[in-house]
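*Asks:* Requesting a structural model of the entry that follows:
(4 chains)
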2 protein chains.
Amino acid sequence: MTQREPTGDELVELFAALANPVRLRIIATLRGGRDYVSNLARVIGVSRPLLHMHLQRLEAAGVVVGSLELSDDGKAMKYFELADLDLHLTPELIATAAASLTGKENK
Amino acid sequence: MTQREPTGDELVELFAALANPVRLRIIATLRGGRDYVSNLARVIGVSRPLLHMHLQRLEAAGVVVGSLELSDDGKAMKYFELADLDLHLTPELIATAAASLTGKENK
DNA sequence: TATACATGTAAGAAAGTTCTTACACATGAA
DNA sequence: TTCATGTGTAAGAACTTTCTTACATGTATA
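*Replies:* So this is what the prediction gives:
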């Protein structure tokens, strides 16, 4: 999402992923380092299932990356960290991306 | 939306405004110059009431600016043009904005 | 007057988003 | 075994977004 120019569909998904206060807080929190789902939920102050859903949305958009790991005491822990995100947002970028919008078969 | 750093609430509104294929097409089209509602609807291929709604959303987010004018033959024409939009989108920007999220009284 | 063009808005259907509650499973320690 | 911790997911309510259709207003021209 940061390297090559995003397609129109990717850009819509990225903006949709970022258009939510809880998800912006997740990103802000993850700037302090990777964290796992239950702890993130506590820190941010939302329920774990809700946070799980928000993380899925962010991961689908390529904003965060998750990896399931086993802790020393054998628990399955899903850690999330920020992916690269560095986009120069201008009308030019949008116009380029818009040219590749499919707008049909998308869901 | 391009000059000062956006607040968290403004950023959510901006992303929400951009998270739609029709609205990306509107922005792409307006790069070619200002245009009025009925003509934009024809060019983009959506109904005029629908386009009207999308333009309202873009204007509320500060992405476009509209001005009602009288044409030579006396018709009321509402012209829209792009506002400045130049944002370096990074986790840092998001983290800064997230700190100002209200998350309460906002609808 | 009727047509063509412009504006705005309101009602309602359909679909998507957000959130809670509840369930299921697994491991380690008391 | 029971409790505390972690994982995931499914059902349903409440709300928002998207879109169509229909109505109402106006001016200029045929």
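
*Asks:* From here on, just use CA atoms for contacts and neighbour counts.
*Replies:* Will do.

*Asks:* Now for the residue nearest the centre of chain A: which residues touch it?
*Replies:* Nearest to the geometric centre of chain A sits residue A:58, at 2.2 Å (CA atoms, centre = their mean). Residues in contact with residue A:58 (CA atoms under 8 Å, 6 or more residues apart in numbering or on different chains) are A:17-18, A:23, A:64.

*Asks:* what about the residue of chain A positioned farthest from its centre, is that helix, strand or coil?
*Replies:* Ranking residues of chain A by C-alpha distance from their mean position (CA atoms, centre = their mean) puts residue A:73 at the top, at 28.5 Å. Following DSSP: H, G, I helix; E, B strand; the rest coil, the label given to residue A:73 is coil.

*Asks:* With the one 4 residues further on instead?
*Replies:* At residue A:77 the chain is in strand, as set by three-state DSSP.

*Asks:* Neighbours of it, how many?
*Replies:* Close neighbours of residue A:77, defined as other CA atoms under 10 Å in any protein chain shown, add up to 15.

*Asks:* Which stretches in chain A count as strands?
*Replies:* Counting by DSSP state E, chain A has strands at residues A:35-36, A:64-70, A:76-82, A:87-89.

*Asks:* Reformat these as a markdown table; add distance to residue A:97 and mean pLDDT.
*Replies:* Output for the strands of chain A, formatted as a markdown table (distance: least, CA to CA, whole Å; pLDDT from 0 to 100):
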| stretch | distance to residue A:97 | mean pLDDT |
| --- | --- | --- |
| strand A:35-36 | 32 | 98 |
| strand A:64-70 | 21 | 97 |
| strand A:76-82 | 23 | 98 |
| strand A:87-89 | 11 | 97 |
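
*Asks:* now these in TSV, with distance to residue B:92?
*Replies:* Below are the strands of chain A laid out as TSV (distance: least, CA to CA, whole Å):
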stretch	distance to residue B:92
strand A:35-36	18
strand A:64-70	14
strand A:76-82	11
strand A:87-89	12
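
*Asks:* who wins for proximity to DNA strand C among these?
*Replies:* For DNA strand C, the closest of these is strand A:76-82, at 7.5 Å, according to CA to the nearest atom of the strand.

*Asks:* Could you pull out the buried residues of that closest one?
*Replies:* For strand A:76-82, the neighbour count (16 or more other CA atoms under 10 Å in any protein chain shown) marks A:79-82 as buried.

*Asks:* ok, now stretch A:49-57?
*Replies:* Going by neighbour count (16+ other CA under 10 Å), the buried part of stretch A:49-57 is A:51-52, A:54-57.
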